[in-house]
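Novice: Pasted the sequence and its predicted model underneath.
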Amino acid sequence: MKLLSATQIRQWDEFTIKNEPIVSLELMERAANACTRWLLQNTLAGTYYIFCGKGNNGGDGLAIARLLYNAGRAIKVFILESDAKGSDDYISNFRILHHLSAIPIYQVRSEKDLPVIPEECILIDALFGTGLNRGLTGLAAQLIDHLNNAGAPVISIDIPSGLFCDQSSRGHSIIRARHTLTFQVLKMAFLIAENAVFFGQVHLIDINLHPSYPDLVDTPFYIINQSMARRIYRPRTAFAHKGNFGHALIIAGAYGKTGAAILSTRACLRTGAGLVTAHVPDRSVSILQTAAPEAMVFPDPEADHIATLGYTPELFSATGIGPGIGTGVKTKFFLRGLLEHEALKLVLDADALNIIAGSPGLLNHLPPGSILTPHPREFSRLFGEQDNDFKKMEIAISKSMELNVIIILKGHHTLVALPDGTGFFNITGNAGMAKGGSGDVLTGMLTGLLAQGYSSKEAAIMGVFLHGLAGDLAAGARGMEAMTATDIIENIGSAFQQLL
Ligand SMILES: NC(=O)C1=CN([C@@H]2O[C@H](COP(=O)(O)OP(=O)(O)OC[C@H]3O[C@@H](n4cnc5c(N)ncnc54)[C@H](OP(=O)(O)O)[C@@H]3O)[C@@H](O)[C@H]2O)[C@@H](O)CC1
Ligand SMILES: [K+]
């Protein structure tokens with residue numbers, strides 16, 4: 001699914017107005033009706049304090065005020081005054097509301113107009129929407145601070161006021177909403193970790209924008225959804241045998257971190273690889289074979305570390321390396337040697353990335369199409385600190401293009417950055433996965449998919465989707481606190497079934 005920019009979303013409104021066709025005031029009424037339905041179903045406040053700007057977001061707020069009033073709710077409306085005359089649809093809605101003399105309308109012209117806010121009310125934030133074109137200052141910023149400090153819950157219309165759709169909002173005054181009722185589609189701002197404190201729970205409000213528009217525009221950004229993963233998935237045929245599904249190699253687990261090797265190996269097995277071999281230090285062999293009897297093992301001659309490439313890595317269909325291997329000298333030499341094999345299909349994670357970060361020259365030796373799976377700290381070690389998460393995303397994409405690799409920047413909404421300059425956001429997964437071992441599981445899954453012949457792009461996109469979905473199923477069964485990485489593995493099968 002395409003992830004549209006603020007400009008494209010505005011153009012989608014215009015496209016709908018022209019091609020449905022519908023007059024813009026009616027489209028606003030449709031949007032306000034959908035929000036009001038949600039508010040009536042989900043909230044009950046003594047009074048709704050509705051704060052409106054003078055653009056179309058404010059127009060939405062005024063229409064919502066009227067509809068809530070008609071439904072019998074108590075309303076107070078506050079207009080953030082400015083020199084702007086107001087958008088046409090704002091003016092139309094203001095006139096309609098003005099005629100309903102029972103609804104009190106207050107103008108906020110200076111600090112002394114900031115109202116006292118009782119705790120039992122609900123604040124509706126319709127100050128600024130996707131038309132925000134600069135950071136808020138002056139009275140607008142004061143009002144935002146006032147609302148954030150009020151203690152009453154805030155529900156933002158379309159986007160929390162002050163938050164930019166597709167650039168960093170760091171350092172600006174922004175509403176902290178408990179809920180955001182956003183029109184039609186997710187905005188990029190909701191997928192970026194640094195914004196998490198602002199939007200609360202996001203609810204998509206369908207306003208029936210014209211379905212043809214997204215097909216007509218290009219965007220470098222996508223959201224990974226079930227239908228995208230389903231298009232990639234190739235169910236096993238009845239006549240298949242284990243030779244059809246490749247032989248995966250997992251190189252993981254210095255002694256003391258054998259668990260990382262077990263998690264990756266078991267996840268790889270559960271993802272469908274025909275054969276899996278785990279290369280682990282000698283002392284870890286019996287632990288691994290007990291925990292994952294379906295896997296074969298290559299014991300490293302070293303007791304505690306990965307050090308020896310005692311096989312031809314090209315014989316494996318795909319290789320995952322990194323979980324728990326440590327960054328010891330012998331392991332560094334091992335990785336350096338492995339990267340000399342240019343034809344490998346590689347997944348690099350954890351300490352493999354830390355080793356590369358310590359010898360950046362190695363970045364230029366990654367086989368084309370390799371998948372790197374850094375979490376934010378590993379990403380910073382590899383590519384430097386960035387001021388904000390949008391910059392981080394840009395760097396992920398530019399490095400992916402420069403190095404011809406896939407970078408999976410892990411987070412609540414993991415980003416898959418591809419060498420063609422596109423970025424795919426994953427929306428499965430939950431905070432219960434923010435635990436040791438979840439990344440090891442992802443490495444095993446990606447390696448398993450590559451081994452079965454999925455391309456790096458297919459494996460990355462479907463892999464992160466399935467990983468998050470398995471995590472969601474695990475959270476549903478165990479709860480976010482109690483679930484473990486093993487529970488994610490146990491739910492990989494059910495996640496696949498949702499792609500059938
Ligand atoms: N189009 C449609 O049919 C539909 C649209 N819908 C709704 O429209 C919203 C987008 O509306 P919008 O484009 O009017 O922009 P919006 O965010 O209300 O405000 C822009 C105003 O703010 C001003 N301004 C900007 N930055 C500022 C700042 N830092 N400090 C101070 N002022 C600032 C800017 O004025 P400027 O000073 O730049 O001239 C302008 O006057 C969208 O989020 C959704 O809610 C829905 O109803 C569905 C149908
Ligand atoms: K808003």
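Specialist: Great, that's in hand. Ligands and ions are numbered 1, 2, ... in the order given.
Novice: contacts and neighbour counts: CA atoms only from here.
Specialist: Fine.
Novice: And this structure, split by domain according to the record?
Specialist: When the chain is parsed with automatic domain parsing, its domains come out as 6-212, 226-497.
Novice: The longest one spans what distance, first to last residue?
Specialist: From the first residue to the last, domain 226-497 extends over 11 Å; the measure is C-alpha to C-alpha, to the nearest Å.
Novice: where along the stretch 151-300 of the chain do the strands fall?
Specialist: Under the criterion DSSP state E, counting those that start in this stretch, the stretch 151-300 of the chain contains strands at 154-157, 179-183, 201-205, 221-224, 247-251, 275-281, 296-300.
Novice: of all those, which lies closest to ligand 1?
Specialist: strand 154-157 (6.2 Å; C-alpha to the nearest ligand atom).
Novice: The closest one pairs with which strands, and in what direction?
Specialist: Next to strand 154-157 in the sheet, as set by DSSP bridges, lie strand 122-126 (parallel), strand 179-183 (parallel).
Novice: possible to save the strands of the stretch 151-300 of the chain as CSV with mean neighbour count and mean pLDDT?
Specialist: Shown next, in CSV, are the strands of the stretch 151-300 of the chain (neighbours: other C-alpha atoms under 10 Å; pLDDT from 0 to 100):
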stretch, mean neighbour count, mean pLDDT
strand 154-157, 28, 98
strand 179-183, 22, 98
strand 201-205, 17, 97
strand 221-224, 21, 98
strand 247-251, 28, 98
strand 275-281, 26, 98
strand 296-300, 19, 98
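Novice: Dump these to JSON lines, plus distance to A460.
Specialist: Below are the strands of the stretch 151-300 of the chain laid out as JSON lines (distance: least, C-alpha to C-alpha, whole Å):
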{"stretch": "strand 154-157", "distance to A460": "34"}
{"stretch": "strand 179-183", "distance to A460": "28"}
{"stretch": "strand 201-205", "distance to A460": "26"}
{"stretch": "strand 221-224", "distance to A460": "11"}
{"stretch": "strand 247-251", "distance to A460": "16"}
{"stretch": "strand 275-281", "distance to A460": "19"}
{"stretch": "strand 296-300", "distance to A460": "25"}
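Novice: Can you say which of these is nearest to ligand 2?
Specialist: Ligand 2 sits nearest to strand 154-157 of all the strands of the stretch 151-300 of the chain, at 4.5 Å, using C-alpha to the ion.
Novice: looking at the domains of the chain, which is buried most?
Specialist: domain 226-497 (a mean of 21; mean count of other C-alpha atoms under 10 Å).
Novice: So which residue is dead centre in the chain?
Specialist: H413 (1.9 Å; C-alpha atoms, centre = their mean).
Novice: OK, contacts around that residue?
Specialist: 191-193, 425-429 (C-alpha atoms under 8 Å, 6 or more residues apart in numbering).
Novice: Distance-wise, check the one residue in the stretch 301-450 of the chain that gets nearest to ligand 2 relative to H412.
Specialist: Closest to ligand 2 within the stretch 301-450 of the chain is F390: 20.9 Å, counting by C-alpha to the ion. As judged by C-alpha to C-alpha, F390 and H412 stand 14 Å apart.
Novice: Over to Q386?
Specialist: Distance from Q386 to H412, by C-alpha to C-alpha: 18 Å.
Novice: Wondering if stretch 94-113 reaches ligand 1 at all.
Specialist: No - Stretch 94-113 stays clear of ligand 1 (C-alpha under 6 Å from any ligand atom), getting no nearer than 13.0 Å.
Novice: Would you work out how far apart the start and end of that stretch are?
Specialist: Span of stretch 94-113 from end to end, C-alpha to C-alpha: 19 Å.
Novice: What lies in contact with it?
Specialist: In contact with stretch 94-113 (C-alpha under 8 Å, 6+ apart) are residues 59, 62-63, 66, 69, 75-82, 114, 139, 142-143.
Novice: rerun at 10 Å
Specialist: For stretch 94-113, the external contacting residues (C-alpha atoms under 10 Å, 6 or more residues apart in numbering) are 50-52, 54, 58-59, 61-63, 65-66, 69, 74-82, 86, 88-89, 91-92, 114-115, 138-140, 142-143, 146.
Novice: Could you give the average pLDDT over that stretch?
Specialist: Averaged over stretch 94-113, pLDDT sits at 94.
Novice: for stretch 372-388, same thing?
Specialist: pLDDT averaged over stretch 372-388 gives 97.
Novice: Output it as CSV, restricted to C-alpha atoms.
Specialist: C-alpha atoms of stretch 372-388 as CSV (Å, rounded to 0.1, in the frame of the first residue of the first chain):
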residue,chain,number,x,y,z
LEU,A,372,21.4,-6.0,7.2
THR,A,373,19.1,-5.9,10.2
PRO,A,374,20.4,-3.2,12.6
HIS,A,375,18.4,-2.0,15.6
PRO,A,376,18.7,1.8,16.1
ARG,A,377,21.9,1.6,18.1
GLU,A,378,23.6,-0.8,15.7
PHE,A,379,22.5,1.5,12.9
SER,A,380,24.2,4.5,14.5
ARG,A,381,27.4,2.5,15.0
LEU,A,382,27.3,1.6,11.3
PHE,A,383,26.2,4.9,9.8
GLY,A,384,26.7,7.6,12.5
GLU,A,385,24.3,9.4,14.8
GLN,A,386,21.5,11.4,13.2
ASP,A,387,19.6,14.4,14.6
ASN,A,388,16.2,12.8,14.1
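Novice: could you dump the contacts of H413 to a markdown table with distance to V405?
Specialist: Formatted as a markdown table, these follow (distance: C-alpha to C-alpha, whole Å):
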| residue | distance to V405 |
| --- | --- |
| L191 | 23 |
| I192 | 22 |
| A193 | 23 |
| F425 | 17 |
| N426 | 18 |
| I427 | 22 |
| T428 | 23 |
| G429 | 24 |
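Novice: can you put those residues in JSON lines and add distance to ligand 2 and pLDDT?
Specialist: Listed next are the contacts of H413 as JSON lines, based on distance: C-alpha to the ion, whole Å; pLDDT from 0 to 100:
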{"residue": "L191", "distance to ligand 2": "17", "pLDDT": "97"}
{"residue": "I192", "distance to ligand 2": "18", "pLDDT": "96"}
{"residue": "A193", "distance to ligand 2": "19", "pLDDT": "94"}
{"residue": "F425", "distance to ligand 2": "24", "pLDDT": "98"}
{"residue": "N426", "distance to ligand 2": "25", "pLDDT": "98"}
{"residue": "I427", "distance to ligand 2": "23", "pLDDT": "96"}
{"residue": "T428", "distance to ligand 2": "26", "pLDDT": "98"}
{"residue": "G429", "distance to ligand 2": "27", "pLDDT": "97"}
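Novice: how close does the residue nearest to the centre of the chain sit to A431?
Specialist: 11 Å.
Novice: cool, and E81?
Specialist: According to C-alpha to C-alpha, E81 and A431 sit 40 Å apart.
Novice: Tell me where the stretch 151-300 of the chain has helices.
Specialist: 196-199, 213-216, 226-232, 258-270, 285-291 (DSSP state H, counting those that start in this stretch).
Novice: for the record, mean pLDDT for the second one?
Specialist: Read it as helix 213-216. 97.
Novice: any residues touching that helix, and which ones?
Specialist: Here helix 213-216 has contacts from 1-4, 8-9, 11-13, 15-16, 19, using C-alpha under 10 Å, 6+ apart.
Novice: Lovely, talk soon.
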